[in-house]
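**Student:** Below is the sequence, then the predicted model.
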Amino acid sequence: MNYALLDNKPILLQPETYNRIPYWRMAARQDKVRCPACTAALRLIAGISFEPYFAHPEGAVCPLLAQDSSASMEWLQALDETAAAVLHPLVTGASPGAATDAAPALADDPHTRAPEHAAAADSSLAFSDAAVPAPAQTPDEPAAREEDTAMIGSFRLPKKRAIGSTVTPAPPPSKPPVFRKRFMPKKTIAHLAEQQLDQPLHPTQQQAVQTTDGPLLILAGAGSGKTRVMTARTAHLIKDLGVEPKRIMVVTFTTKAAEEIRQRIARQLPSGQARELIAGTFHSIFYRMLLHHQPNGWDQQRLLKKDWQKWRLLRETGALLGHDELMALKETDITEALSIVSRWKNEYILPQEAAFREAATDAEKRAAQLYPLYEAAKKKHQWFDFDDMLLGCYELLRDNRDLLQRYQERITHVMIDEFQDINRIQYETVKLLAAPQNNLCVIGDDDQSIYGFRGSDPQYILGFTKDFPQASTITLEVNYRSHSSIVSLGYSLIGHNRSRWEKACRSFHREEGDTFLFEPDDEEEQASRIVDEIVHRREQGTAFGECAVLYRTNESARPILERLSEAGIPFHYTQEEDSFYQRQTVRWTLHYLRLALNPDDTDALKEILPTLYISGDAWNAVRSQAILEDKPILHILPHLTQLKPYQRKHMQAINDILAACKDCPPAQALELIYEDGKLREYLKKRARDREDGRERWSDELQQLLSAAKRHATIRDFLAYIEQMIRQEKEWRNLRPLPDEAVHVLSIHRAKGLEYDHVFLPDLVEGALPHEYTLDELRKGGATALEEERRLLYVAITRARRSLCIGIPRERFGRKTRPSRFISEMGR
């Protein structure tokens with residue numbers, strides 16, 4: 001149903017009031033939204049593809065649930081008349097006082113306090129640039145006027161923040177957000193004229209299978225059945241042309257893809273033949289070659305698999321001794337430099353060449369210094385990394401002509417999958433092996449080249465016909481995966497890239513599919529909407545495993561995971577980074593909140609001492625004095641004799657702030673700690689002193705603030721966090737993973753996968769396209785923007801039946817602008 005009571009006043013869900021959903025959702029979480037008939041606490045369900053509604057708890061008995069009863073009809077009529085009387089002045093712009101005396105006022109919330117924030121009479125859901133909120137206030141803008149603020153003890157807060165309020169509403173938007181809008185593609189592609197369901201292969205697929213001599217470029221768009229073509233082509237070589245399986249090399253980019261091709265082929269060939277096929281990833285095939293010819297130099301026990309292993313090698317072997325600048329670097333800086341070294345090695349840029357390259361960034365400068373030291377340490381202590389496998393195999397074949405000739409005589413046909421992701425060292429090795437017959441078939445989609453950070457370059461697939469002028473080119477233009485509107489959105493978007501092969505594209509499916517835009521208030525409401533939609537899809541019969549949330553950056557995942565956990569929905573999520581709540585900035589902030597509740601929390605105080613500019617050496621003195629004076633340990637700080645007067649004054653201020661915070665809603669408490677407690681100032685100085693230009697700490701503060709707004713008290717908020725930490729440990733260690741679970745993964749990890757229903761959160765400037773990309777664009781480079789566009793194209797084309805795109809009006813406490821890609825692909 002679309003009506004309920006909040007504080008004994010009616011509230012009504014309709015387009016003119018949808019902008020109040022976040023506030024009402026929070027009130028419902030606190031059991032303040034009630035059924036007018038049975039007084040049961042109601043939940044607010046607001047997904048994406050359906051209209052929002054209030055739901056009774058399971059098993060509730062209420063006359064309003066009996067839609068055919070006379071009692072239900074009477075309730076409906078009475079409430080509709082009341083709600084209409086209340087809403088009329090809001091919709092028409094008249095004063096709320098114009099409502100009839102018989103109708104009580106709408107339940108007070110921040111969206112009804114000022115006429116300018118009431119919904120406009122036009123309830124159209126049209127999405128336009130006019131709906132984009134203004135940029136967030138910058139640090140250079142003046143602070144709030146004194147008359148707009150109120151004093152709480154000695155601390156100033158804006159008047160709109162009522163201390164002790166059980167709900168902390170966000171400031172209302174100036175215009176109602178787009179609750180949900182059908183997102184129509186700018187370009188509509190054609191359907192396949194004849195679906196030919198009785199034919200295993202489309203004519204162009206059949207052509208690709210039967211073209212076996214000489215170089216061949218197969219441009220395989222998303223969902224065009226390239227795995228089917230690769231399997232059929234391999235089987236055709238063996239069964240019809242008599243090529244021995246051991247003479248065919250099929251290279252994929254994942255072990256899973258290699259195994260899938262091997263299994264498919266095994267179903268079409270006599271027993272045992274599939275096992276003779278040379279199939280695997282570049283690393284696995286090249287490593288087997290190295291082990292066979294140089295077994296002593298490639299012991300797998302000496303492989304550096306993880307970044308921390310490389311860091312430990314440099315640290316423990318003394319490789320950095322005498323290089324003070326490198327010795328002073330943090331582990332994260334070393335890891336960043338080593339990732340650049342990896343990219344150089346994939347491009348076959350050796351240490352002596354890297355030394356003469358002009359460094360574009362400080363990280364590249366550090367990488368050039370580190371590169372020869374890292375290589376020398378590996379060689380001295382007989383270690384190697386994954387990049388060395390590629391380099392080693394290339395140099396082995398290049399320098400041993402007899403060995404190369406033996407491989408060239410044995411391998412007569414080479415087929416490379418995902419060719420758009422190849423790097424220089426891989427390409428050069430493949431060209432050596434394929435010569436002189438050059439029966440080299442490369443399959444890929446330049447529009448899906450998204451691994452530039454690994455050294456992949458779409459120029460190899462774009463320039464293939466220049467390297468092999470006699471090459472044939474076949475385009476697989478039919479998308480068998482996605483419904484037509486999804487295909488059209490992707491096609492409309494990717495057409496804006498200039499460095500690409502032009503391709504025709506057709507859809508196999510005549511059904512349009514569902515494509516939606518929705519505009520939540522912030523990342524927290526966005527997550528709630530997505531999870532409500534997943535539950536709705538599940539109730540319609542969709543398996544959880546057919547739903548996926550694809551994000552550009554890890555920061556987008558936290559609220560999604562928390563809403564899924566709250567709803568009890570199983571999910572798959574692979575993340576090697578520290579938990580959000582275990583990050584240093586977040587831990588410090590939470591310890592302040594713990595001290596607000598318990599000023600004698602010794603563990604919390606010990607943790608935050610650095611943020612108060614008190615050295616760890618003073619800890620024993622603080623603890624001893626607290627015991628002697630029998631006072632809470634926090635109260636001792638202003639009386640430490642070794643502190644300077646201004647420090648003692650700040651320690652007293654901290655005591656007063658935390659005392660004031662105790663009865664505040666957590667969001668207000670955090671604002672006091674950030675500003676009056678000077679935590680933000682400390683973190684900014686810390687980042688500046690470490691020459692860390694990234695603003696990650698600031699985003700973490702804002703994420704914590706957004707999460708806090710969903711809770712009424714500090715105690716509730718901290719209890720919620722403890723629950724999330726426990727649950728996160730459980731799902732990180734959960735093995736085996738549940739079969740039926742929602743997939744939450746980065747767009748990069750989603751490549752090659754497909755789902756019925758895909759959700760793309762945070763499609764805003766700075767997220768996708770990423771802020772780093774926008775920096776490159778400001779400097780005049782468009783390459784990074786084209787890769788971001790390809791990344792979004794990959795995300796869109798993972799969806800089979802529906803695609804939901806979220807555009808939060810605020811992210812990490814800052815106003816947002818919709819991604820430029822929105823206007824490029826849809827209308």
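**Tutor:** Happy to help now that I have it.

**Student:** Contacts only, for the residue nearest to Pro570 when sequence neighbours are not counted.
**Tutor:** The shortest distance from Pro570 to any residue other than its chain neighbours is 3.9 Å, reached at Ala741 (Cβ to Cβ, 6 or more residues apart in numbering). No exception for glycine: its C-beta is placed from N, CA and C like everyone else's. Counting by Cβ atoms under 8 Å, 6 or more residues apart in numbering, Ala741 makes contact with 544-545, 569-572.

**Student:** got a winner among the residues you listed for most neighbours?
**Tutor:** Neighbour counts for the contacts of Ala741 (other Cβ atoms under 10 Å) peak at Phe571, which has 23 neighbours.

**Student:** just curious, which of the contacts of Ala741 is nearest to Val622?
**Tutor:** Phe571 (43.3 Å; Cβ to Cβ).

**Student:** Show the contacting residues for the closest one.
**Tutor:** Residues near Phe571 by Cβ under 8 Å, 6+ apart: 544, 561, 564, 731, 741-744.

**Student:** could these go into JSON lines alongside distance to Asp324?
**Tutor:** Compiled in JSON lines, the contacts of Phe571 are given as follows (distance: Cβ to Cβ, whole Å):
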{"residue": "Phe544", "distance to Asp324": "54"}
{"residue": "Leu561", "distance to Asp324": "42"}
{"residue": "Leu564", "distance to Asp324": "47"}
{"residue": "Trp731", "distance to Asp324": "43"}
{"residue": "Ala741", "distance to Asp324": "49"}
{"residue": "Val742", "distance to Asp324": "49"}
{"residue": "His743", "distance to Asp324": "46"}
{"residue": "Val744", "distance to Asp324": "43"}
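
**Student:** and Lys181, what are its phi and psi?
**Tutor:** Main-chain torsions, Lys181, degrees, to the nearest 10: phi -140, psi 140.

**Student:** How many neighbouring residues does it have?
**Tutor:** Neighbours of Lys181 under the rule other Cβ under 10 Å: 17.

**Student:** how far away is it from Tyr18?
**Tutor:** Lys181 sits 12 Å away from Tyr18, going by Cβ to Cβ, to the nearest Å.

**Student:** And for Glu681?
**Tutor:** In terms of Cβ to Cβ, Glu681 sits 39 Å off from Tyr18.

**Student:** Neighbour count for the two, which is higher?
**Tutor:** For Glu681 versus Tyr18, neighbours defined as other Cβ under 10 Å are more numerous around Tyr18 (21 against 12).

**Student:** What helix or strand is Ile334 located in?
**Tutor:** Here Ile334, judged by DSSP states H and E, is contained in helix 331-346.

**Student:** ok now that helix, how far from the chain's centre?
**Tutor:** Mean-position distance between helix 331-346 and its chain equals 23 Å (Cα atoms, centre = their mean, to the nearest Å).

**Student:** hmm, who's touching that helix?
**Tutor:** Under Cβ under 8 Å, 6+ apart, the answer for helix 331-346 is 307-308, 310-311, 314, 326, 329, 354, 363-364, 366-367, 370-371, 374, 385, 387-388, 390-391, 423-426, 453-455.

**Student:** re the thing from before, which residue in the contacts of Phe571 has the weakest pLDDT?
**Tutor:** Ranked by pLDDT, these bottom out at Trp731 (76).

**Student:** who does the particular helix or strand that has that one in it touch, helix- and strand-wise?
**Tutor:** Counting by DSSP H and E, the element that carries Trp731 is helix 714-733. Contacts defined by 3 or more Cβ pairs under 8 Å, 6 or more residues apart in numbering; DSSP states H and E place helix 714-733 against helix 557-567, helix 584-597, helix 666-675.

**Student:** I'd like the distance from the first one to the chain centre, please.
**Tutor:** Think helix 557-567. 13 Å.

**Student:** Could you do stretch 731-751 as well?
**Tutor:** Averaging C-alpha positions (Cα atoms, centre = their mean) puts stretch 731-751 13 Å from its chain's average.

**Student:** next one: stretch 204-219
**Tutor:** 37 Å.

**Student:** How about it, which residues are buried there?
**Tutor:** 204-205, 208-209, 212, 215-219 (16 or more other Cβ atoms under 10 Å).

**Student:** For these, work out which two are farthest apart.
**Tutor:** Spatially, the most separated pair among the buried residues of stretch 204-219 is Gln205 and Pro215, at 18.8 Å (Cβ to Cβ).

**Student:** Which ones among the contacts of helix 331-346 map onto helices?
**Tutor:** Judged by DSSP state H, those include 307-308, 310-311, 314, 326, 354, 363-364, 366-367, 370-371, 374, 387-388, 390-391, 424-426 as members of helices.

**Student:** Pull the number of nearby residues for Leu390.
**Tutor:** 23.

**Student:** per-residue confidence averaged over the lengthiest strand in the chain?
**Tutor:** Secondary structure of the chain per DSSP state E: the longest strand is strand 799-806. Averaged over strand 799-806, pLDDT sits at 96.

**Student:** circling back: measure the residue nearest to Pro570 to Glu519 for me?
**Tutor:** Taken as Cβ to Cβ, the span from Ala741 to Glu519 is 28 Å.

**Student:** Please apply the same query to Ala548.
**Tutor:** In this structure, Ala548 and Glu519 are 21 Å apart, going by Cβ to Cβ.

**Student:** Show me which of the two is the more surrounded one.
**Tutor:** Glu519 (27 against 24).

**Student:** surely the more buried one meets Phe179?
**Tutor:** Yes. Using Cβ atoms under 8 Å, Glu519 makes contact with Phe179 at a distance of 7.3 Å.

**Student:** Give me the contacts around the helix or strand hosting Arg262.
**Tutor:** Under the criterion of DSSP H and E, Arg262 resides in helix 255-266. Contact with helix 255-266 is made by 227, 230-231, 234-235, 238, 250, 252, 273-275, 277, 279-281, 284, 417-418, 752, as judged by Cβ under 8 Å, 6+ apart.

**Student:** And those, which of them are buried?
**Tutor:** When neighbours are counted using 16+ other Cβ under 10 Å, those contain these buried positions: 227, 230-231, 234-235, 238, 250, 252, 273-274, 277, 279-281, 417-418, 752.

**Student:** The residues you listed in helices, which ones?
**Tutor:** Using DSSP H, 227, 230-231, 234-235, 273-274 are the members of those that sit in helices.

**Student:** so can I have CSV of those showing distance to Arg262 and pLDDT?
**Tutor:** Below are these laid out as CSV (distance: Cβ to Cβ, whole Å; pLDDT from 0 to 100):
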residue, distance to Arg262, pLDDT
Thr227, 12, 89
Met230, 11, 91
Thr231, 9, 90
Thr234, 9, 92
Ala235, 12, 91
Gln273, 11, 80
Ala274, 5, 79
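
**Student:** nearest to Ser802, of these?
**Tutor:** The closest of these, once distances to Ser802 are taken by Cβ to Cβ, is Thr227, at 23.6 Å.

**Student:** Could you tell me the angle between the one helix or strand Asp656 maps to and helix 714-733?
**Tutor:** For Asp656, the host element (DSSP H and E) is helix 645-661. Counting by axes from the mean of the first three to the mean of the last three Cα atoms, to 10 degrees, helix 645-661 points 90 degrees away from the direction of helix 714-733.

**Student:** Report the buried residues of helix 645-661.
**Tutor:** The neighbour-count check on helix 645-661 (16+ other Cβ under 10 Å) flags 647-648, 650-651, 653-658, 660-661 as buried.

**Student:** Which of the residues you listed lies at the shortest distance from Asp31?
**Tutor:** Among those, Cys661 lies closest to Asp31 (Cβ to Cβ), at 24.9 Å.

**Student:** Hmm, the closest one is touching Ile714, no?
**Tutor:** Yes. Contact criterion Cβ under 8 Å: Cys661 and Ile714 qualify, at 7.1 Å.

**Student:** What about the contacts of Ala741, which are in helices?
**Tutor:** Using DSSP H, none of the contacts of Ala741 sit in helices.

**Student:** And those residues, which is closest to Cys505?
**Tutor:** Nearest to Cys505 among the contacts of Ala741 is Gly545, at 28.0 Å by Cβ to Cβ.

**Student:** State the pLDDT value of the residue nearest to the closest one when sequence neighbours are not counted.
**Tutor:** Counting by Cβ to Cβ, 6+ apart, the nearest residue to Gly545 once its immediate chain neighbours are dropped is Glu740, at 5.1 Å. Glu740 carries a pLDDT score of 87 in this model.
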